[in-house]
Structure formats: C-alpha cells, structure tokens
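Visitor: Any chance you could fold what I've pasted below:
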Amino acid sequence: MTPPGEEDVRFHRGAHAIKTWVRAADFAQHRLAWLDHVATLGATPLEMVYTGLDPGAEYLLRVVYGDTKLNHRVRLEANGAFEIHPLQRGPVPARPQEFPVPRAATQGGTLTLRWYRDPAVASIKGVCHVSEIWLIRKP
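Guide: Model (predicted):
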C-alpha cells in the first residue's frame, strides 16, 4: 500500500485490473470471467481483507489464478501467520482450487490474505493474477 502523502507514480504499490489477451482459437478453453484479473506489480503483495467473519465458523477458500504467460508461482498467506499454500503456479488451463482456512486465522473476525510472488522471478513476470475468489463458510 502507498503510505499517506506519498504518490505511487509507477503504480507498483496497489492492485490493478488486468485483461488477458487470448487468441481466437483459445476461447474454447477460457471462461470469459477468467480473462480479467486483479494483480500487483513488482514485489508488492496482492492483499484482500475480509471483515465481519464468524469467529466460530470454519471457512474454505476457492481461488482461480489467471491462465496467463505472466502468471508465475505465488505463495498465499493468511493474517501474516498461516500459510494457505506454498509457492505454486495455478493450473493450466485455469480452474478453481480449494484450500482450507485455518480456524485460528478467522477467530478475530477478520481475514487478511496476501499473495507473494516468487522472489526468484523478477519484474512483471512474477505477478500474481487472481481471477475469482470465494471465501466459503462451511456448514
């Protein structure tokens, strides 16, 4: 995030909406909804915050990572203390993946998710593209 009073003129500290360009022959493999992503540039982690969660409930995270050549391995962490998944690349073609959220991560009623790019991959090629995300309360 950009500190107050500081401009992010290179747009490296905030999330961006990104559109995937696909060849006509590839449209049969892609859902239209998955051609749009939210992403960050450089080493800035992508962050999403959920509030008002039931502290006693169990949750499941369902995520679709964008199927692009720029999408690389990412690590997903909850509340800075719980690893949801280690460095991994989303499946090709894109499809939903599900991960349990540790109950301890939501006990305070707030869940902060952060995606970190692979530190071994520099520049734009290491960004994380998230096309869809669901936080599902288990029955």
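Visitor: Going by C-alpha atoms from here, please, whenever you check contacts or count neighbours.
Guide: Fine.
Visitor: which stretches of this structure have low pLDDT?
Guide: Low-confidence regions of the chain, defined by pLDDT under 70, span residues 1-30, 32, 37, 68-71, 122-127.
Visitor: again, 50 this time
Guide: Within the chain, the stretches with pLDDT under 50 are 1-2, 10-12, 16-17.
Visitor: how about the helices of it, start to end?
Guide: 103-106 (DSSP state H).
Visitor: Let me see the ranges of the strands in it.
Guide: Ranges of strands in the chain, per DSSP state E, are 16-19, 36-39, 46-50, 59-65, 74-78, 82-88, 97-101, 111-117, 129-137.
Visitor: I'd like those strands as JSON lines, with mean neighbour count appended.
Guide: Shown next, in JSON lines, are the strands of the chain (neighbours: other C-alpha atoms under 10 Å):
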{"stretch": "strand 16-19", "mean neighbour count": "14"}
{"stretch": "strand 36-39", "mean neighbour count": "20"}
{"stretch": "strand 46-50", "mean neighbour count": "16"}
{"stretch": "strand 59-65", "mean neighbour count": "19"}
{"stretch": "strand 74-78", "mean neighbour count": "21"}
{"stretch": "strand 82-88", "mean neighbour count": "15"}
{"stretch": "strand 97-101", "mean neighbour count": "15"}
{"stretch": "strand 111-117", "mean neighbour count": "21"}
{"stretch": "strand 129-137", "mean neighbour count": "18"}
